[in-house]
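Novice: Attaching a predicted model along with its sequence, questions to come.
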Amino acid sequence: MRIDPPAGVTLAAVIRSDLQSIERIEIHVNQLNLNNISRVELDSLGYSLHNIYNALENSFKQISLVFENHVRDQTRWHRELLEKMFLDLDPLRPPVLPAEARSVTSDLLGFRHLFRHAYEFKLDQAKAVALWELWQRDGGYVKQGLYDFAQALGIA
C-alpha cells in the first residue's frame with residue numbers, strides 16, 4: 001500500500017475516531033431493553049443505526065479520497081462507495097472490508113437511506129431490532145476490517 005505518511009496518519013486518526021463513535025453508540029443501544037422498547041427508545045435505536053452507518057461512511061469516504069478519489073455514478077454514490085470497500089485495488093490498497101461484512105453494511109446503508117429520507121414514518125420495531133441484532137452478530141467484521149486497514153497504514 002502506497003500512501004504519503006501525513007495522509008496515512010490523518011486517515012488512521014479518522015478511522016480510529018469513527019470506530020470510537022461506533023463504540024459509544026453501541027454502549028448506548030446496549031442500555032436499551034429491546035424486548036420491551038418504548039416509542040422513544042425505538043426512535044433512539046433507529047437514530048443509532050443511522051449514526052453507525054454515518055460513521056462507517058465517513059471512514060469509507062476518507063479512504064476513497066486518499067486512494068481512489070472518485071465516484072463514477074453520482075446518482076448511486078453511497079452504494080458505489082460501499083462496494084469499493086470490498087475491492088482489492090492492488091497496488092493502491094487492499095480491501096477494507098471482508099466479504100462477511102457485505103450483508104450487514106448493505107442492510108445498514110438501506111436502513112440509513114430510508115431513515116434519512118422517509119419523513120413521518122413509524123419504525124418497524126421487529127425490523128429495527130433485527131438490524132441491530134445483525135450488527136451485533138456481524139458488525140465485528142466491519143470494525144475489524146477498518147481496524148486492520150488502519151493498522152496496515154503502518155501508523156495506527
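Specialist: Received, thanks. Treat the numbers as computed from the prediction; the structure is a model and nothing was measured.

Novice: Secondary structure class of Ala7, three-state.
Specialist: State at Ala7, reduced to three classes by DSSP: H, G, I helix; E, B strand; the rest coil: helix.

Novice: What are the contacting residues of stretch 43-58?
Specialist: Applying Cβ atoms under 8 Å, 6 or more residues apart in numbering, the contact partners of stretch 43-58 are 14, 18-19, 21-22, 25-26, 28-29, 32, 34, 37, 78, 81-82, 105, 108-109, 111-112, 115-116, 123, 128-129, 131-132, 135, 139, 142, 146. For every residue, glycine as well, the C-beta is placed using N, CA and C.

Novice: export the helix or strand bottoming out on mean pLDDT in the chain as PDB, just CAs?
Specialist: Every helix and strand in the chain was compared by mean pLDDT, DSSP states H and E; the lowest is helix 102-117, with a mean of 89. This file holds the C-alpha atoms of helix 102-117, laid out as PDB (Å, rounded to 0.1, in the frame of the first residue of the first chain):
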ATOM      1  CA  ARG A 102     -21.300  -7.300   3.000                       C
ATOM      2  CA  SER A 103     -24.700  -8.200   4.300                       C
ATOM      3  CA  VAL A 104     -24.700  -6.000   7.400                       C
ATOM      4  CA  THR A 105     -23.200  -3.000   5.600                       C
ATOM      5  CA  SER A 106     -25.700  -3.300   2.800                       C
ATOM      6  CA  ASP A 107     -28.600  -3.500   5.200                       C
ATOM      7  CA  LEU A 108     -27.400  -0.600   7.200                       C
ATOM      8  CA  LEU A 109     -27.000   1.500   4.100                       C
ATOM      9  CA  GLY A 110     -30.600   0.700   3.100                       C
ATOM     10  CA  PHE A 111     -31.900   1.500   6.500                       C
ATOM     11  CA  ARG A 112     -29.900   4.700   6.700                       C
ATOM     12  CA  HIS A 113     -31.400   5.800   3.300                       C
ATOM     13  CA  LEU A 114     -34.900   5.100   4.500                       C
ATOM     14  CA  PHE A 115     -34.400   6.700   7.900                       C
ATOM     15  CA  ARG A 116     -32.900   9.800   6.300                       C
ATOM     16  CA  HIS A 117     -35.500  10.300   3.500                       C
END
